[in-house]
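> Sequence and predicted model, in that order:
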Amino acid sequence: MPMPARPAFLFDSRLCTGCKACMIACKDKNDLDPGVRWRRVTECTGGEWTRTAEGYRQNVFSYYLSVSCNHCEDPICVQSCPTTAMHQDKNGIVSVDPKKCVGCKYCSWGCPYGAPQYSERLGRMTKCDFCRDEIEAGRPPACVAACPSRALQWGDLDETRGKLGQPMAVAPLPPVSATRPALFVMPHRNARPVGSTAGLKANPEEV
C-alpha cells in the first residue's frame with residue numbers, strides 16, 4: 001500500500017483474541033526498554049454471577065482493545081509541548097524530535113491515551129511514529145503485520161471515514177471529540193459505551 005495522505009488505524013474488536021502479538025512486535029521492532037509500551041492491549045472485563053431461586057444469572061462481559069498513538073487531528077501532546085519537540089507532519093503523523101525533547105512529560109500528562117512514553121535510559125519522551133519507515137517502503141506497520149487475526153488494520157483516514165463514517169470509540173477510551181483520533185474501532189458485542197464505569201481493566205500492569 002502506498003503512503004496514505006493521512007494514515008489511520010482500524011481495530012476490529014470482534015476479531016481480537018488478546019494475544020498481544022501487536023504489543024510484542026512493536027517492542028521488538030523499536031527495541032523498547034522494559035516498561036515502555038508504545039502499543040498496549042487492554043483486557044476489559046466486568047459483570048457478575050447472581051444466584052437466584054431459579055438458578056444463576058450473569059451479565060459477565062469481556063473484550064480487548066489494542067491502542068497506541070492515534071496521531072490525532074487535534075493532538076493535545078503537540079499543544080502541550082513547551083519545546084515543540086512533539087510535532088505533527090503533513091501526513092498527520094505525530095513524532096518526537098529527540099534534539100528538542102527535555103523529558104518534561106507534559107505531553108504524556110495531556111494525552112488521554114497515554115501514548116508518549118518516557119524512557120529512563122534516553123532521558124526523554126518516545127512514542128509510536130506509525131512505523132513511518134515501513135509505510136514509506138510500502139509495508140504495513142509492525143503491529144499490523146503481526147496481528148494473526150487481522151483485527152488490527154491500517155489505511156487512509158479519509159477513505160476509511162468514507163466507508164465507516166466518523167471514528168468510533170468504546171470504553172475505556174475517551175470521547176472521540178477530545179482529540180479527533182485517527183482510530184476506528186469496530187465494537188465487540190460486549191463493548192461498553194464511552195463513559196461507562198462498568199467493569200475494569202484486568203491487566204493494569206500492562207497498560
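Structure received.

> How many neighbouring residues does residue 43 have?
Burial measure for residue 43: 18 neighbouring residues, criterion other C-beta atoms under 10 Å. Using the backbone N, CA and C atoms, a C-beta is placed for each residue, glycine as well.

> Other residues contacting the helix or strand hosting it?
Taking DSSP states H and E as the definition, one finds residue 43 inside strand 40-46. By C-beta atoms under 8 Å, 6 or more residues apart in numbering, the surrounding residues in contact with strand 40-46 are 16, 18, 20, 22-23, 60-68, 114, 171-172, 191-192, 198-203, 206-207.

> Return a ChimeraX selection command for the buried portion of the residues you listed.
The ChimeraX selection below is limited to those of the contacts of strand 40-46 classed as buried (16 or more other C-beta atoms under 10 Å):
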select :16,18,20,22,23,61,63,64,65,66,67,68,171,172,191,192,199,203,207
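
> Out of the contacts of strand 40-46, which sit inside strands?
61-67, 200-201 (DSSP state E).

> So for those, which is the shakiest by pLDDT?
Across the ones in strands among the contacts of strand 40-46, the smallest pLDDT goes to residue 200, namely 91.

> one step back: go through the ones in strands among the contacts of strand 40-46 and name the one nearest residue 150.
The nearest member of the ones in strands among the contacts of strand 40-46 to residue 150, counting by C-beta to C-beta, is residue 66 at 12.1 Å.

> Which residue, neighbours along the chain excluded, lies closest to that closest one?
In space, not counting the residues next to it along the chain, residue 66 is nearest to residue 41; the distance is 4.9 Å by C-beta to C-beta, 6 or more residues apart in numbering.

> ok, now residue 17?
Nearest residue to residue 17 in three dimensions, chain neighbours excluded: residue 149, at 5.8 Å (C-beta to C-beta, 6+ apart).

> Contacts only, for that neighbour.
Contact criterion C-beta under 8 Å, 6+ apart gives 15-17, 19 as the residues in contact with residue 149.

> Of the ones in strands among the contacts of strand 40-46, which is the nearest to residue 183?
Using C-beta to C-beta, residue 67 comes nearest to residue 183 of the ones in strands among the contacts of strand 40-46, at 7.2 Å.

> thought the closest one was touching residue 128?
No - at 10.0 Å, residue 67 and residue 128 do not qualify as touching, with contact defined as C-beta atoms under 8 Å.

> any common contacting residues for the two?
Residues touching both residue 67 and residue 128 (C-beta under 8 Å, 6+ apart) are residue 39.

> just to revisit the earlier point, now the strand holding residue 43 against strand 61-67, angle please.
For strand 40-46 and strand 61-67, the angle between their directions (axes from the mean of the first three to the mean of the last three C-alpha atoms, to 10 degrees) works out to 160 degrees.

> Strand 40-46 pairs with which strands, parallel or anti?
strand 61-67 (antiparallel), strand 200-201 (antiparallel) (DSSP bridges).

> So which of these is nearest residue 96?
Between residue 96 and those, the shortest gap by C-beta to C-beta is with strand 61-67, which sits at 18.2 Å.

> List the contacts of that closest one.
Identification of contacts with strand 61-67 by C-beta under 8 Å, 6+ apart yields 11, 13, 16-18, 22-23, 39-47, 113, 143, 151-152, 170, 172-173, 183, 185, 188, 190-192, 198-199, 202.
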